[in-house]
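1. Provide a 3D model corresponding to the input given below.
(2 chains)
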Amino acid sequence: MSTRQEWHFGEFGGRYVPETLMPALEELAEEYTRAQADPAFIEELDYYLRQYVGRPTPLYQAKRLTEMLGGARIYLKREDLCHTGSHKLNNTMGQVLLARRMGKPRVIAETGAGQHGVAAATVAALFGLECHVYMGAEDMRRQALNVYRMRLLGARVIGVESGSRTLKEATSEAMRDWAATVEHTHYIIGSVVGPHPYPTMVRDFQAVIGREVERDMLQQEGRLPDYLVACVGGGSNAMGLFHQFVNKGPRLIGVEAGGLGLSGDKHSASINAGSPGILHGARSFIIQDDQGQVLPTHSVSAGLDYPGVGPEHAWLKDTGRAEYITATDAEALEAFHLLAEYEGIIPALESSHAVAGAVRLAPCLERDTLMVVNISGRGDKDVNEIAEAEGVAL
Amino acid sequence: MSRIAESFKELKERNEAALIPFVTAGYPDLQQSLRVILALAEAGADIIELGIPYSDPVADGPVIQRASQQARAAGMDLETFFSLVAGVRQKTRVPLVAMTYYNPVFVYGQKRFADNCRQNGIDGVIISDLPPEEGRDWLKIAVAAGLDTILLAAPTSTEERIRRVIDSTSGFIYCVSRPGVTGADQALSTSLRPRLERMRAITDKPLCVGFGLSTPEHIRQVAVLADGAVIGSALVRLIADNAVAPDLLDRVRDFTAMLKQATIR
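-> The predicted structure follows:
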């Protein structure tokens, strides 16, 4: 049985859920521990990551962007080249293999931008499992392409109309489904959030990102990177990049969604502007009022539009190991165009926040500084929304 | 002896199960909420559960979600909640249980929350998303403040977990009738009886059943198996359907009295 120590990152994390879900979390944690020690599981996951997801992904030196910014040497970790278009498949592949080991014929997922929903629907199709995806009605509108992709993959997409009709409500609704169906359903949480063991397990499944970066950087530059930059909503691509380096030298920079700016309430910067609290099963930083009521958030990027953040990020912030900055909607959009025009890569709006972080930091750094920016997903899904925002008829 | 324990003792002597209605505090609005709670007490409620509205009620179905949202929009916060409780306490001795999620308690301050509960007349607290493993600090604070903490036993709970819940709970054990969130059902789960029998064999603490109960027949079935029955969504829906009706309070009283009848063995 897990001890309370394993559940927490310092004072953050834990398992704050209704009793109905506690046994399932115990089962999942035990199965995950067994799987980690089982060479057959490791081998199976490795096989699918290589042959189906398309790993390893390149670590690409962005020469024109580097030259234009005139500072640190920028490398892009190309998670956008994973099958389905984002890093999300690394995690859903691991979790679906666990669901199969536990004999669960049905999986559910929450999704914001739809990238995790697509990744969950994909692995469900791959293994013939039933799949229901919860998505806020507002997100269904702004990520219509992904909604249709999930349906093509055989998943049922359930719109959530309550509250701000975005990722927070979709997550709550998925938890409600799970409480009723827990005996035959596995809940594939898409980020390093939720009750133990999810933050640890999702991080471990994403940690392949950082392992590849370390190996490729040593090969290309003969040394470790100096800066790692990733966007942070729940924070799974960032934890996946950071984990390999937490006990090593690189500076770890998370970029939160600054929305219309931190002076108002239209942002999603849980670490920079939130306070300690409990949301969706874990203690972390959340955006809330002085009564502990969770507040609506805003970001141009549906995948970052969430009032919480993974508990390990809260702990990395608290201990000073990682630094968290913000990029506004406008900065993210500018970075989106920049990467498209200078490198021929259209990043997801989420990943554009990481690029915006690099745009701000790189010019202030020496030319021999090595910076890795995680391009967690590709931007095809955002093209319609951006065209509309810029008044372009398609 | 706590007010809740006293209540179960008296019920046992009368050979009745406890009728435990749940309403969302501040719903449909502050004034009506006070009247509704007093109507429940008048009509025979043995213990009353008051839900503190929360922005993210993951253990609640649509009826209580909507009521929570409306109560919050009508201005219900913790200070208002405590003044509502104080108002109820002036008029009745019925045991009051606050039902909440953990985040508002955590942010308000656990000790401050417990002390305010106690001072205003709350007898017990249920924190839906605080399992015993995470609730050690709260349990100590609640004991020090003289509050009962009612823990939930779920149909999915293992034997080991049920024993842990039984050891840590006070007041009563809230036996969740079936997997899922709050909401009114057509029929009771068939696994309820054997589960209650297994729990009865290992504890003398009162066992109360909630989630899904909606009719006098449900209450009658539970009354022979357990020490109490919680009715929530069906009552909140009745209030929702008649929120602006002139006879709202009569309807609440009639429904409660009918359910109370069903607890008499």
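
2. What segments of the stretch 1-150 of chain A are helices?
-> A:4-7, A:22-36, A:39-48, A:63-69, A:88-101, A:115-127, A:137-142, A:144-152 (DSSP state H, counting those that start in this stretch).

3. Nearest to chain B, out of those?
-> helix A:22-36 (4.7 Å; Cβ to the nearest Cβ). C-beta here means a position set from N, CA and C on the backbone, and glycine is covered the same way.

4. Would you mind listing the buried residues in that closest one?
-> A:22-29, A:31-32, A:35 (16 or more other Cβ atoms under 10 Å in any protein chain shown).

5. Can you say which two of these are spatially most distant?
-> A:22 and A:35 (20.3 Å; Cβ to Cβ).

6. Can you name the residue of the stretch 1-150 of chain B nearest to chain A?
-> For the stretch 1-150 of chain B, Cβ to the nearest Cβ, closest residue to chain A: residue B:107, 3.2 Å.

7. for the record, mean pLDDT for the helix or strand harbouring that residue?
-> According to DSSP states H and E, residue B:107 maps onto helix B:102-108. Mean pLDDT, helix B:102-108: 98.

8. Helices of the stretch 151-300 of chain A, start to end?
-> Taking DSSP H, counting those that start in this stretch as the test, the helices found in the stretch 151-300 of chain A are A:167-181, A:198-206, A:208-221, A:236-242, A:270-273.

9. Single out the most deeply packed of those.
-> helix A:236-242 (a mean of 31; mean count of other Cβ atoms under 10 Å in any protein chain shown).

10. gap between that helix and the chain center?
-> The chain centroid and the centroid of helix A:236-242 are separated by 8 Å under Cα atoms, centre = their mean, to the nearest Å.

11. again, but for stretch A:91-110
-> That offset, for stretch A:91-110, works out to 18 Å (Cα atoms, centre = their mean).

12. In the chain, which strand is the longest?
-> Unless you meant another one, I'm taking chain A. strand A:251-259 (DSSP state E).

13. That was the other one, I meant chain B.
-> strand B:18-24.

14. ok, and for that one, which residues are buried?
-> Quick answer for strand B:18-24 (16+ other Cβ under 10 Å): B:18-24.

15. again, but for stretch A:36-45
-> A:41, A:44-45.

16. Give me the contacts around it.
-> Under the contact criterion Cβ atoms under 8 Å, 6 or more residues apart in numbering or on different chains, stretch A:36-45 has outside partners A:35, A:93-94, A:97, A:101, A:204.

17. Of all pairs in those, which one is the farthest apart?
-> Spatial extent of the contacts of stretch A:36-45 (Cβ to Cβ) is set by the pair A:101 and A:204 at 15.5 Å.

18. circling back: counting by contacts, list what the longest strand of chain A packs against.
-> When contacts are defined as 3 or more Cβ pairs under 8 Å, 6 or more residues apart in numbering or on different chains; DSSP states H and E, strand A:251-259 sits against strand A:227-232, helix A:236-242, helix A:270-273, strand A:322-328, helix A:329-343, helix A:349-361.

19. wait, doesn't residue A:61 sit right on residue A:75?
-> Yes. The pair residue A:61 / residue A:75 is scored as a contact, 5.4 Å apart, by Cβ atoms under 8 Å.

20. Good, we can wrap up now.
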